[in-house]
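Trainee: Build me a model from this:
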Amino acid sequence: MKSILLSILGLIIGAISNGLIVQLGTQLIAAPAGQDLSTEKGLAAAMAHMQPIHFLFPFLAHALGTFIGAFFVSKMKVERSLIHAMAIGFAFLAGGVMMVLSLPGTPLWFTLLDLIVAYLPMAYLGYRLGNK
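Mentor: Sure, this is the predicted structure:
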């Protein structure tokens, strides 16, 4: 029971980290001129106008949110911490897949980078570093 509760807490901490990093990105990198990124419809319309720099903080948010959640659950020394850390990675990966499916126009390079690098490898890295 402790392991499950700590894993849920890891998911919450990771999700909060993700949101904070995305917010930081919107403060530091301006949206393309004339584009409204505050709604899903506006975000979809802006995709064609985005430069690679606009994808930096979303990638960092996904990768670091996953890493932080997996690191937390591993640091708490839950039983079978690899399983719990990777479960967090799979949960965030599922969210990433849902985002790709709901947001047409995302560049293929970003979709591949995000889905391949930001979730499962970062969960494993969080597990490894959290167990040291």
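Trainee: Could you list the buried residues of stretch 35-46?
Mentor: 35, 43, 46 (16 or more other CB atoms under 10 Å). Any C-beta I mention is one placed from the backbone N, CA and C, and that applies to glycine too.
Trainee: Please report phi then psi for the residue most central in space within the chain.
Mentor: Centroid check for the chain by CA atoms, centre = their mean gives His62 as the closest residue, at 1.7 Å. Dihedral pair for His62: phi -70, psi -50, per degrees, to the nearest 10.
Trainee: And the residue lying closest to it once chain neighbours are set aside, how far from Val100?
Mentor: In space, and not counting its chain neighbours, His62 is closest to Ala118: 4.0 Å by CB to CB, 6 or more residues apart in numbering. Noted for Ala118: a distance of 12 Å to Val100, by CB to CB, to the nearest Å.
Trainee: of these two, who's got more company?
Mentor: When Ala118 is set against Val100 and neighbours are counted by other CB atoms under 10 Å, the residue ahead is Ala118, at 24 against 15.
Trainee: thinking again about what came up before, dump the residue contacts of the residue nearest to His62.
Mentor: Listed by CB atoms under 8 Å, 6 or more residues apart in numbering, the contact partners of Ala118 are 59, 62-63, 66, 92, 96.
Trainee: how about the CA coordinates for the helix or strand containing Ile116, as CSV?
Mentor: Assessed by DSSP states H and E, Ile116 sits inside helix 108-117. What follows is helix 108-117 as a C-alpha-only set of coordinates in CSV (Å, rounded to 0.1, in the frame of the first residue of the first chain):
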residue,chain,number,x,y,z
LEU,A,108,7.3,14.7,-36.6
TRP,A,109,10.8,15.4,-35.2
PHE,A,110,9.4,16.7,-31.9
THR,A,111,6.9,13.8,-31.7
LEU,A,112,9.6,11.2,-32.1
LEU,A,113,12.1,13.0,-29.8
ASP,A,114,9.5,13.5,-27.1
LEU,A,115,8.0,10.0,-27.2
ILE,A,116,11.3,8.2,-27.5
VAL,A,117,13.5,10.2,-25.1
